[in-house]
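>>> I need the structure of the sequence given here:
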Amino acid sequence: MQILTTSHGQIPIPERWDEIPGETIPKLIEHRFNWHLIDEDGHRAKQRLAILHYLTGIPAKNFARLPDTELYDLLRRTDWVVNTRLDCRPFPYFTYKGVEYYLPAPKLADTSSGELSMANLYYLAYSRPQNADYNAVYSLIATLCRPRRWDYLIRRFGTDYAGDDRQPYNSLRIDKAARHFAKGLPMGTIMAVLQYFECLLDEFMARYQDVFEGDEGTRPLFQNGEGWLALLEDVAENAPFGDYDAVFSQNCHTVWMYLRHKKLKVDREREEYERQAEEQKTHD
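So this is what the prediction gives:
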């Protein structure tokens, strides 16, 4: 948070997304989205003033009293809002038509491997360059954001509690919620959840980069959503987690850590085989 001194007093201005109240973030993201769609300078200036208003809580009309140099300095300090993407959880939950829908925890700490795989499948359908399925964003949000379980407080005392208070993933409930969201979920909420998932996905892909990358001269593994689901089937056949449903419900980090260790083991075995083969050539 920075404090800017003006002729009308000190004005605090957030410098990062995590310094902004959750109820303000959707409004800021919507104005940011509109700002990038507008070409006319006059309309862009209005969007900038609106962004400044939501950042500071000061009515936009009050900025007209400031000298031009001070107003320019204030507007310049909103650059990060229009030039950077959301990089934190915008809010713990959002309320839509009287129901609270809870977002995944930061770093996907409470997210199952199946939930993540399905979310990635919908995200790829929504974001593909050609023939994008824009309705898939509602399925993505319904997959990630679910109401709390009725017994979430009791479950916290259980030995098997993994930190997730949301209702278990259920494809029928997801489809129903997606249709529900399509009837009027606000654009700011949609964009906030979407950008949060992009942040989570980028972190996850970077953390397990060695699992997703193929060996030299081969294609990267699991390039699409179907590949991730097929991967869970392979894990169910070889890992000690149980059947496919058990793997689907297993925490995503647990499954991908298993895959990382398995890949490292295979790589070491291949390196040792190649070393022994090279030594054999030398002796021959």
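>>> return the helix or strand in the protein with minimum mean pLDDT.
strand 2-6 (a mean of 70; mean pLDDT, DSSP states H and E).
>>> and stretch 12-27, which residues are buried?
Ile13, Pro14, Trp17, Ile20, Thr24, Ile25, Pro26, Lys27 (16 or more other CB atoms under 10 Å). In short, each C-beta sits where N, CA and C put it, glycine included.
>>> which ones among the residues you listed are found in helices?
Ile25, Pro26, Lys27 (DSSP state H).
>>> who's in contact with the last one?
Pointing back at Lys27 there. Residues in contact with Lys27 (CB atoms under 8 Å, 6 or more residues apart in numbering) are Tyr54, Gly188.
>>> swap in 10 Å and give it another go.
Ile20, Ala50, Ile51, His53, Tyr54, Pro186, Gly188, Ala192 (CB atoms under 10 Å, 6 or more residues apart in numbering).
>>> and if you look at Glu115?
Glu115 neighbours (CB under 10 Å, 6+ apart): 104, 108, 143-144, 146, 164, 166, 168-169, 174, 248-249, 251-252.
>>> any idea how far it lies from Tyr122?
From Glu115 over to Tyr122 the distance is 11 Å, taken as CB to CB, to the nearest Å.
>>> same question, Tyr258
From Tyr258 to Tyr122 the distance is 24 Å (CB to CB).
>>> quick one: which of the two has more around it?
The neighbour comparison of Tyr258 against Tyr122 (other CB atoms under 10 Å) goes to Tyr122, with 24 against 19.
>>> pLDDT value on the nearest residue to the more buried one once chain neighbours are set aside, please?
Nearest residue to Tyr122, sequence neighbours excluded (CB to CB, 6 or more residues apart in numbering): Leu140, at 3.9 Å. Leu140 carries a pLDDT value of 97.
>>> try the one 5 residues further on
Among the per-residue scores, Cys145 holds a pLDDT of 97.
>>> excluding its backbone neighbours, what's nearest it?
Leaving aside its sequence neighbours, Cys145 sits nearest to Tyr101 (CB to CB, 6+ apart; 4.0 Å).
>>> got a pLDDT number for that neighbour?
At Tyr101, the model reports a pLDDT of 97.
>>> and the strands in the stretch 1-150 of the chain?
2-6, 9-13, 93-96, 99-102 (DSSP state E, counting those that start in this stretch).
>>> would you reformat these as a markdown table and include distance to Arg85?
Below are the strands of the stretch 1-150 of the chain laid out as a markdown table (distance: least, CB to CB, whole Å):
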| stretch | distance to Arg85 |
| --- | --- |
| strand 2-6 | 20 |
| strand 9-13 | 19 |
| strand 93-96 | 18 |
| strand 99-102 | 21 |
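>>> quick one: which of these is nearest Tyr196?
The closest of the strands of the stretch 1-150 of the chain to Tyr196 is strand 93-96. By CB to CB, the value is 11.0 Å.
>>> using CSV, list the CA coordinates for that closest one.
What follows is strand 93-96, C-alpha atoms only, in CSV (Å, rounded to 0.1, in the frame of the first residue of the first chain):
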residue,chain,number,x,y,z
TYR,A,93,-16.4,-17.4,-1.8
PHE,A,94,-19.0,-15.6,-3.9
THR,A,95,-22.7,-15.5,-3.4
TYR,A,96,-25.1,-16.2,-6.3
